[in-house]
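Colleague: what shape does this take:
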Amino acid sequence: MPESPPGTVSEAVDPGSVALPSSASPTPAASPPAGPSKAPKVAAASLIGTTIEYYDFAVYGTASALVLGPAFFPSGNATVSTLAAFLTFAAAFLSRPLGVVLFGTIGDRLGRRRALVASLLLMGLATVGVGLLPTYETAGLLAPVLLVTLRLLQGASMGGEWGGAVLLAAEHAPPGRRALYAAIPNVGPSLGFLLSTAVILPTLNIVGREGFTEWAWRVPFLLGAVLVLVGLWVRTTVSESPVFTGSPPAASPASPASPGSAGSPASRFPLGTLVARHPRRLLLGTGAAIGGSAVYYLTIVYSLSYGPKSLGIPQNTMLTAASVGAAAGIAITLPVARLADRIGRRPLMLAGAAGCVVWSVPMYASLSTGDAFVITGAYTVGLMLLALMFSPAAAFLAELFPARLRYTGASAAFILANTLGGGFAPLVATWLNSQWSSPLVLGCYTGGLCLVSLLCVWALPETREDDFAS
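Modeller: Down below sits the predicted model:
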């Protein structure tokens, strides 16, 4: 059935006007999409979690670039200390698959909302814990051990956050607006980075680099507790996904539902079922998101360390360039999603991936100029191209999988892409620059991963017309 033209997020649709496909074995219909009073709360609940999660990650990434290396991994070699700090950053990505298994199982069996509340609570506790840690000077080897442990907990919570937030929004969406709703959580990563910058920059200006290194680096981590409390309040008051509540926990023997449909029994181990039944879509979905993950983490995390330490670019210049680019990406995310509801997901994702392939080298080459305006302009174009690729990706990845495996499927594809393309990107980039000492290698590395995404999106079908309740 063709989808109606997209409107605004808060627009409602008459539940009686939505006809569900008939089947030989009738199953209960899904609940109607969110009405006008529920839509803003659903949007806020899906956005606030990803914003907080990525605020926490951005704070850690920035702190890794500025101070955590010497504080927790003292060494006579600055490169070794930075590598060790970024290794703990990557450690959180290694535990993300555990989060996919844990929260994906909860989300596909017990409900999206329960999984999202649990993931947000875990992230908040781990983030505040980092802010309270003793340094190596105080606690010796115990300090980096505790830091890595908390990072593993943060990573596990991230494994369940993105997929659940996307589903909470998309499964509440009226017909014809699924990409728009699903894209709301995708504003979270850039918004989280902007919030972290809004905390870190004033703190740096007030206490100076020395004060920040000595004690003030803890402030952004501790302030995360306030955001988490607000997020928990919003999430505990929002309704469960109508697609999930419209799916019975078990199929009746008299009327068995087809495997993977909304009316089919929940798998006891969704990840195993996913790998057995949908391996091709899982692998291609992962590849479709891997290039964008590299662009985001190299721009938002790695370059904040690389620019000042290797090229002598002022720290404020790098933070400003990344912040302006992130704001530009936010500005076009929802308009791009509305367009994806009209013309499909693939055309925009292909255009964004192709743009990132072409622009990656010029974007990172701009660092060689040291000019604030040139760097800011290059980063702005790059992060807008990233939004073109990632805005439709939220709906696209969710639509690749059936309802009873969707939380696990969307999370697994995105998290694997984040781990392979983003989590190890700072480590790979640090090694590459130690060998060639040129920002051009960053562009070649990023452009290669974006080419992988381009080919994977090309190999996947369009999903705009798919029945989301089945």
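Colleague: most centrally placed residue in the protein?
Modeller: Trp162 (5.4 Å; Cα atoms, centre = their mean).
Colleague: for that one, list the residues it contacts.
Modeller: Thr50, Glu53, Pro185, Ala410, Ser411, Phe414, Ile415 (Cβ atoms under 8 Å, 6 or more residues apart in numbering). Heads up, the C-betas are built off the backbone N, CA and C, glycines and all.
Colleague: measure the fifth one to Pro439 for me?
Modeller: Counting by Cβ to Cβ, to the nearest Å, the separation of Ser411 from Pro439 is 33 Å.
Colleague: neighbour count: the two, which is higher?
Modeller: Higher neighbour count among Ser411 and Pro439: Ser411, with 36 against 23, using other Cβ atoms under 10 Å.
Colleague: surely the more buried one and Ser157 touch.
Modeller: No. Counting by Cβ atoms under 8 Å, Ser411 stays clear of Ser157, with 11.8 Å between them.
Colleague: what do the two both touch?
Modeller: With Cβ under 8 Å, 6+ apart as the test, Ser411 and Ser157 both reach Gly99, Phe103.
Colleague: determine which two of the contacts of Trp162 are furthest apart.
Modeller: Glu53 and Ala410 (15.4 Å; Cβ to Cβ).
Colleague: next one: stretch 371-384 to chain centre, how far?
Modeller: 22 Å (Cα atoms, centre = their mean, to the nearest Å).
Colleague: list the buried residues in it.
Modeller: Across stretch 371-384, burial judged by 16 or more other Cβ atoms under 10 Å covers Ile375, Thr376, Gly377, Ala378, Tyr379, Thr380, Val381, Gly382, Leu383, Met384.
Colleague: could I get whichever strand or helix holds the fifth one in CSV with only the CA atoms?
Modeller: To tie it back to what came earlier, the one meant is Tyr379. Under the criterion of DSSP states H and E, Tyr379 resides in helix 372-390. Presented in CSV, the C-alpha positions along helix 372-390 are these (Å, rounded to 0.1, in the frame of the first residue of the first chain):
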residue,chain,number,x,y,z
ALA,A,372,39.7,27.8,11.5
PHE,A,373,37.2,28.8,8.8
VAL,A,374,38.5,26.2,6.3
ILE,A,375,38.3,23.4,8.9
THR,A,376,34.9,24.4,10.1
GLY,A,377,33.5,24.6,6.5
ALA,A,378,35.0,21.2,5.6
TYR,A,379,33.6,19.6,8.8
THR,A,380,30.2,21.1,8.2
VAL,A,381,29.9,19.7,4.7
GLY,A,382,31.2,16.3,5.9
LEU,A,383,28.7,16.1,8.8
MET,A,384,25.8,17.2,6.6
LEU,A,385,26.7,14.3,4.2
LEU,A,386,26.8,12.0,7.2
ALA,A,387,23.2,13.2,8.1
LEU,A,388,22.1,12.4,4.6
MET,A,389,23.4,8.9,4.9
PHE,A,390,22.4,8.2,8.6
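Colleague: next secondary structure element downstream of that helix?
Modeller: Next element after helix 372-390 (DSSP H and E): helix 393-399.
Colleague: what mean pLDDT does that following helix have?
Modeller: Helix 393-399 carries an average pLDDT of 93.
Colleague: after it, which helix or strand is next?
Modeller: helix 406-417.
Colleague: packing partners of that next one?
Modeller: helix 96-109, helix 142-170, helix 270-277, helix 279-297, helix 393-399 (3 or more Cβ pairs under 8 Å, 6 or more residues apart in numbering; DSSP states H and E).
Colleague: relative to helix 372-390, how tilted is it?
Modeller: On the basis of axes from the mean of the first three to the mean of the last three Cα atoms, to 10 degrees, helix 406-417 is oriented at 140 degrees to helix 372-390.
Colleague: can you list the low-confidence ranges for the chain?
Modeller: Low-confidence segments of the chain, defined by pLDDT under 70: 1-37, 39-40, 65, 75-83, 86, 89, 246-267, 469-470.
Colleague: for Ala289, which non-adjacent residue is closest in space?
Modeller: Ala417 (3.5 Å; Cβ to Cβ, 6 or more residues apart in numbering).
Colleague: my guess is the one you found contacts Leu284. True?
Modeller: No. The criterion here is Cβ under 8 Å, and Ala417 misses it with Leu284 at 10.8 Å.
Colleague: and these two? Which one has more around it.
Modeller: Ala417 (27 against 18).
Colleague: from Thr213, how far out is that one?
Modeller: 34 Å.
Colleague: in stretch 360-369, what counts as buried?
Modeller: Ser360, Val361, Met363, Tyr364, Ala365, Ser366, Leu367.
Colleague: nearest to Val234, of these?
Modeller: Using Cβ to Cβ, these come closest to Val234 at Met363, 35.5 Å.
Colleague: so the closest one touches Gly382, yeah?
Modeller: Yes. Using Cβ under 8 Å, Met363 is in contact with Gly382, at 4.2 Å.
Colleague: overlap in contacts, those two.
Modeller: Contacts common to Met363 and Gly382, judged by Cβ under 8 Å, 6+ apart, are Thr299.
Colleague: let me see the contact set for the residue lying closest to Thr408 once chain neighbours are set aside.
Modeller: In space, and not counting its chain neighbours, Thr408 is closest to Gly104: 3.3 Å by Cβ to Cβ, 6+ apart. Residues near Gly104 by Cβ under 8 Å, 6+ apart: Ala115, Gly159, Gly160, Gly163, Pro270, Leu271, Tyr407, Thr408, Ser411, Ala412.
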